[in-house]
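*Asks:* Structure for this input, please:
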Amino acid sequence: MVSARRILAILIKDLRDAGRDGRILLLLLMPIGLAVFYNATLPNAHELPTAQVAVVDADGRGVARELRTAAGNSVNVEVQNTRNRLAARTLVAAKDVDFAVVVAPTQRRGPARAEILVSEGASPTAQSVIALVPDALTRAAGRAPAAQTQVRVVAATHRKPGDMLESRELTVLLMVVLLLVFVAMMVVPIQIAEEIETGTLGALRLAAPGPEILAAKALAGFLYGLAGVGLIVLLTQLHVHDPLLFFGAAFALIASLVGFGLMMGLLWPNSAAINTYAGFLTLPLIGLAAAALFVDPGAFATILDLLPFPQATKLLADGLSPHTPFHAGLGSWAVIATWALLGYLILARIASRREI
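*Replies:* As a prediction, this is how the structure comes out:
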């Protein structure tokens, strides 16, 4: 009869051992650290570029207001009202602002006039705002612009599902997959292989049957993986559109791989070798998972659809993005479940032959 108490005791022992093993800590912390690093360095697609502008508008015609209106949702215009041309020029020379607009006094006739002072090496963002100054002056003077344009967004005719994810979302998603593959295919095998090497597994067999030992090892993998994914989401402040789908897909990916990881530990009972060489075995898995985001329909895409990690990546992307780029459904879950069942069946057969 399966004992939850014995499984829990073995699980707690494995968690303590992991905290003392530098190899396992590195494997767990590296994807989390990379996710935090890339999240901090990659630009946020929702963050507008900023242009800092000094405005001298003695008559108070509202040029700054009209300039912000003209920039709309394309540029965040930060305005610093300045008392005279000399003060504005000082700000531009010190590069405290990108450029300055010195509005000429009001005239009854003729066009509205202004002088634009630009710092050396002005950014493209600043130059784009400078181009809006004539229209802003004209509107501030209560006149209609000489010409009017209307901008319409045209959707791309061929857009891969991965293109719907922001660069930050895409990178963090790949780090999540990296973490889960590391856990299932490296951390779990290292722990069981080390116990075989040191003879600890034999001692455990005296206290608990093999299925309970393997169940505890698998549960440890689930805890490492899900806790790591939770930390990534928390530390990167990643907005997950559908948390249930996202974490469900993470759970499913571990479930589909951890049986094979346990199998690797039983067949290759050398923890140092697993730590050294298994990293090379995980690279194709990560590559195939990433390929699912961008591959065009065809034979290769069909092969990817038959593998669990690309399907789990699609489900993770659907849970992460409000655009639901893949609309992955029951077919993806079925593929993952099939591989998970296959892994546990093979594991059970190998464990029985080795009397574990």
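*Asks:* so when I look at V102, I'm seeing a strand, right?
*Replies:* Yes. Counting by DSSP: H, G, I helix; E, B strand; the rest coil, V102 is located in a strand.
*Asks:* is it true that it touches V56?
*Replies:* Yes. Counting by CB atoms under 8 Å, V56 is a contact partner of V102 at 4.4 Å. The C-beta positions use only the backbone N, C-alpha and C, and glycine is treated the same way.
*Asks:* Quickly list what's touching both of those two.
*Replies:* R85, A88 (CB atoms under 8 Å, 6 or more residues apart in numbering).
*Asks:* Please name the bridge partners of V79.
*Replies:* Per DSSP bridges, the residues bridged to V79 are V53.
*Asks:* Now do the same contact list for it.
*Replies:* Counted by CB under 8 Å, 6+ apart, V79 has contacts V53, A54, V55, A64, L67, R68.
*Asks:* can we see that at 6 Å?
*Replies:* Contacts for V79 (CB atoms under 6 Å, 6 or more residues apart in numbering) come out as V53, V55, A64.
*Asks:* Closest one of those to V233?
*Replies:* Here the nearest of those to V233, counting by CB to CB, is V53; it sits at 37.6 Å.
*Asks:* residues near that closest one, how many?
*Replies:* Residues contacting V53 under the criterion other CB atoms under 10 Å number 28.
*Asks:* likewise A4?
*Replies:* 9.
*Asks:* Tell me how far it lies from L11.
*Replies:* 10 Å (CB to CB, to the nearest Å).
*Asks:* Next, format the contacts of V79 as a markdown table and append pLDDT.
*Replies:* Formatted as a markdown table, the entries for these read as follows, by pLDDT from 0 to 100:
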| residue | pLDDT |
| --- | --- |
| V53 | 89 |
| V55 | 90 |
| A64 | 84 |
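*Asks:* confidence score at A337?
*Replies:* At A337, the model reports a pLDDT of 96.
*Asks:* Same question for L293.
*Replies:* L293 is given a pLDDT of 86.
*Asks:* Strands of the chain, start to end?
*Replies:* 50-56, 76-81, 99-103, 114-118 (DSSP state E).
*Asks:* domain assignment for this protein?
*Replies:* 4-43+166-353, 50-141 (automatic domain parsing).
*Asks:* weakest of the ones you listed in terms of mean pLDDT?
*Replies:* Of all the domains of the chain, domain 50-141 has the smallest average pLDDT, which comes to a mean of 82.
*Asks:* first to last residue in that one, what's the distance?
*Replies:* 25 Å (CA to CA, to the nearest Å).
*Asks:* Nearest residue to F99 in space, please, no chain neighbours.
*Replies:* If the residues on either side of it in the chain are set aside, F99 comes closest to V118, at 4.5 Å by CB to CB, 6 or more residues apart in numbering.
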